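>>> quick check, what structure comes out for this input:
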Amino acid sequence: MTDKDYVLAIDQGTTSSRAILFNHSGDIVASAQKEHEQIFPKPGWVEHNPIEIWDNVRYCVASTLQQAQINRHAIAAVGITNQRETVVVWDKNTGEPVYNAIVWQDTRTSKIIRELAGEDGLSKYRNICGLDLSTYYSGPELKWILDNVEGARERAEAGELLFGNTDTWVLWNLTGGVNGGVHKTDVTNASRTMLMDIRTLKWREDVCKDFGIPMKMLPEICSSSEIYGYGRKNGLLIDTPVAGILGDQQAATFGQACFKKGMAKNTYGTGCFTLINTGKEPVFSENGLLTTVAYKIGDQEPSYALEGSIAVTGSLIQWLRDNLGIISSSSEVEELASSVEDNGGVYFVPAFSGLFAPYWKDDARGVIVGLTRYNTKAHIARAALEATAFQTREVLEAMNADSGVELTELRVDGGMTNDNLLMQFQADQLGCKIVRPKVMETTALGAAYAAGIAVGFWEGESDVEANWAKKDEWNPGEDREEYDRTYRLWKKAVTRTFEWVDKDVATE
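Residues are numbered from 1 along each chain as shown. Predicted coordinates for the structure are as follows:
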């Protein structure tokens, strides 16, 4: 046990960065959040400005400390959680990125994916890294930067460039940047690059060679809970240990105390991500799911998970707000959707970045089907909410098939769980209980727990389990025939998205 009062979590997400201060009970003491620009240079391309992200992180840290009226001396450790698979490449001598961060939603690498697959197919590396080839992952995005940014490959070969997901970018800057910044990542983020052996937790030289990636630019792989380095002046946390890193969905799994085999959670954020703990051995999916590292605490054996990843859920509500203008704030969508009794026959499949689990079709694109003159913007809003629940049902059905276990409870978190209409519809579709915890910020909380455990602020997983508490639950209704009818129509709508991108539609 330390004599400090708090642990600080930095949550670098897809749409914003946040800093959240937690006490020993796992309660939120103070927090700050700041959105960053979403950059769309071409159809299917999604980028962020890494400098803006780091500036926003610093702003959030400063604002949180100011709100709590404390300084770094009250903080036992800092944990980092992050949007996974979003690639940053920067010059280690200047700290300048060579290109914008390429976001996990980006689909520009579809040609690279086909070339790497060759005659072996998309499952070429599955037995090594647990993943099928997809535009989703960091490795292909890194290859694109090296192939397309002038001089990048030569500089990388010369040892001048560093690579990381945004956890590594934040850690490097937080611990000094060009003045001795630490270049490390954790096993959960490394497991999303396609470059790490899922069993040995080491970078694979042969895969890196296939991708044309110099291994000297890769960060050191560490556990999810250990001291990586210490804060420096530029990050406002001088000499504070940075001691926890978890990719956002693994962090939420940790924060939800899903430590036992068979426990599952779903995070409703920019996308939706369902993880089920599969224990100490990786399970390889036959139904379109990902094999990933759930977490690794210090020298302990890693725990693994199956994951179902859905690209567009919360970001669909943002799209209704920003692109269509049918709501002025995301919080309005529930009221609008509740103004009609049902979806009026409208189904919305938001395959804006292709289809992720369980289909993995990067040539799919979004559709709205079933429209008649009867329909209003309220039906579109309701269809957008229902799309999240339908996509989650598809993923959980795949999970049930792979694990052989029928879920009786799903722990949920993320901003969309504030939508009671959606949560009830989700319970109806799944036919199981939905449980929302007392502390909703489970992603940041998971990173805080990992950091706190590393420095003795918490004793271990038992403290996490003791802190977890239920706040709300939703139980499924009884009209299974109607729930299954709407699900059947949803799956019919999904087929309309297939193979939309062809030779007449530019993809790069």
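>>> can you pull the buried residues of the top helix by length along the chain?
Secondary structure of the chain per DSSP state H: the longest helix is helix 377-403. Within helix 377-403, the residues that count as buried by 16 or more other Cβ atoms under 10 Å are 377-396, 398-399, 402-403. (C-beta placed from N, C-alpha, C; glycine too.)
>>> helices and strands around it, which ones?
Helices and strands touching helix 377-403, by 3 or more Cβ pairs under 8 Å, 6 or more residues apart in numbering; DSSP states H and E, are strand 264-268, strand 272-279, strand 303-310, helix 314-319, helix 333-338, strand 347-349, helix 420-430, helix 480-495.
>>> need the residues that contact the helix or strand that comes right after it.
Where DSSP states H and E defines the elements, the next helix or strand beyond helix 377-403 is strand 409-413. Residues from elsewhere that reach strand 409-413 (Cβ atoms under 8 Å, 6 or more residues apart in numbering): 252, 255-256, 258, 263-268, 274, 396, 423, 426, 430, 432-437, 440-443.
>>> got a PyMOL select line for the buried ones in the residues you listed?
Listed next is the PyMOL selection for buried residues among the contacts of strand 409-413, using 16+ other Cβ under 10 Å:
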select buried, resi 252+255+256+258+263+264+265+266+267+268+274+396+423+426+430+432+434+435+436+437+440+441+442+443
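>>> okay, how far is it across stretch 355-373, tip to tip?
This stretch, stretch 355-373, spans 29 Å end to end (Cα to Cα, to the nearest Å).
>>> in it, what counts as buried?
Neighbour-count burial for stretch 355-373, counted by 16+ other Cβ under 10 Å, picks out 355-370.
>>> and stretch 315-332, by the same measure?
Neighbour-count burial for stretch 315-332 [16+ other Cβ under 10 Å]: S315, L316, I317, Q318, W319, L320, R321, I326, I327, S330.
>>> quick one: which two of the residues you listed are the most distant?
S315 and I326 (15.3 Å; Cβ to Cβ).
>>> SS state for the residue of the chain most remote from its centre?
Within the chain, the residue lying farthest from the chain centre (Cα atoms, centre = their mean) is R373, at 37.9 Å. Following DSSP: H, G, I helix; E, B strand; the rest coil, we place R373 in the coil state.
>>> poorly predicted segments of the stretch 201-350 of the chain, please.
Low-confidence segments of the stretch 201-350 of the chain, defined by pLDDT under 70: 235.
>>> number of nearby residues for E465?
By other Cβ atoms under 10 Å, the residues close to E465 number 12.
>>> F352 now?
Neighbours of F352 (other Cβ under 10 Å): 18.
>>> for it, what are its contacts?
Counted by Cβ under 8 Å, 6+ apart, F352 has contacts Q105, A311, V312, S315, L316, W319, R365, G366.
>>> who touches the fifth one in this structure?
What that stands for is L316. F348, P350, F352, A384, A387, T388.
>>> how about the fourth one?
For S315, the contact set (Cβ under 8 Å, 6+ apart) comprises T14, T15, Q105, T270, G271, F352.
>>> now with 6 Å, please.
Neighbour list for S315: T270 [criterion: Cβ atoms under 6 Å, 6 or more residues apart in numbering].
>>> now swap in the first one and tell me
The neighbours of Q105, taking Cβ under 6 Å, 6+ apart as the test, are V46, A311, S353.
>>> make TSV out of these and add neighbour count.
As requested, these are exported to TSV (neighbours: other Cβ atoms under 10 Å):
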residue	neighbour count
V46	23
A311	23
S353	23
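>>> nearest to I227 among those?
For the contacts of Q105, the nearest to I227 is V46 (33.5 Å; Cβ to Cβ).
>>> number of nearby residues for the nearest residue to the closest one once chain neighbours are set aside?
When the adjacent residues along the chain are set aside, V46 lies closest to V103, with 4.0 Å between them (Cβ to Cβ, 6 or more residues apart in numbering). V103 has 22 neighbours, counted by other Cβ under 10 Å.
>>> do D120 as well
10.
>>> tell me the spacing between it and L133.
Distance, D120 to L133, using Cβ to Cβ, to the nearest Å: 9 Å.
>>> picking up where we left off before, what angle do the longest helix of the chain and strand 264-268 make?
With axes from the mean of the first three to the mean of the last three Cα atoms, to 10 degrees defining the directions, helix 377-403 sits at 150 degrees from strand 264-268.
>>> rewinding a little: contact partners for the residue nearest to V46?
With contact taken as Cβ under 6 Å, 6+ apart, V103 is in contact with V46, H48, T86.
>>> what's the distance between it and G44?
11 Å.
>>> ok, now K184?
As judged by Cβ to Cβ, K184 and G44 stand 31 Å apart.
>>> which residues does A311 contact?
Residues near A311 by Cβ under 6 Å, 6+ apart: Q105, G271, S353, F356.
>>> which single one of those residues is nearest to W500?
The nearest member of the contacts of A311 to W500, counting by Cβ to Cβ, is S353 at 12.4 Å.
>>> roughly how far is stretch 25-44 from the heart of the chain?
Centroid displacement of stretch 25-44 relative to its chain, using Cα atoms, centre = their mean, to the nearest Å, is 12 Å.
>>> show residues contacting that stretch.
Stretch 25-44 is touched from outside by 15-21, 23, 47-48, 52-53, 56, 59-60, 63-64, 67-68, 107, 439, 445, 467, with contacts defined as Cβ under 6 Å, 6+ apart.
>>> phi, psi of the closest residue to Y449 other than its chain neighbours?
Sequence neighbours aside, V464 is the residue nearest to Y449 in space, at 5.2 Å (criterion: Cβ to Cβ, 6+ apart). Main-chain dihedrals, V464, degrees, to the nearest 10: phi -60, psi -50.
>>> just checking, V464 touches F259?
No - using Cβ atoms under 6 Å, V464 is not in contact with F259; the gap is 7.5 Å.
>>> what about the two, which has more around it?
Applying other Cβ under 10 Å to V464 and F259 shows that V464 carries more neighbours, namely 24 against 17.
>>> which residues touch stretch 229-249?
Contacts for stretch 229-249 (Cβ under 6 Å, 6+ apart): 61-62, 72, 75, 77-81, 84, 167, 174-176, 182, 186, 188-189, 224-225, 227-228, 267, 273, 275, 443, 446-447, 450-451, 454-455.
>>> and that stretch, C-alpha only, in CSV?
This file holds the C-alpha atoms of stretch 229-249, laid out as CSV (Å, rounded to 0.1, in the frame of the first residue of the first chain):
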residue,chain,number,x,y,z
GLY,A,229,9.1,4.9,-16.9
TYR,A,230,8.4,8.1,-15.0
GLY,A,231,6.8,11.4,-16.0
ARG,A,232,8.8,14.3,-17.1
LYS,A,233,8.2,18.1,-17.0
ASN,A,234,6.4,18.3,-20.4
GLY,A,235,3.6,16.0,-19.1
LEU,A,236,3.0,17.8,-15.7
LEU,A,237,3.7,14.5,-13.9
ILE,A,238,7.3,14.8,-13.0
ASP,A,239,8.7,11.5,-11.4
THR,A,240,5.3,9.9,-11.3
PRO,A,241,5.5,6.2,-12.3
VAL,A,242,3.6,5.3,-15.5
ALA,A,243,2.7,1.8,-14.6
GLY,A,244,-0.3,0.5,-16.6
ILE,A,245,-1.2,0.1,-20.2
LEU,A,246,-4.2,-1.7,-21.7
GLY,A,247,-5.8,-1.3,-25.1
ASP,A,248,-9.2,0.3,-24.5
GLN,A,249,-11.4,-2.9,-24.8
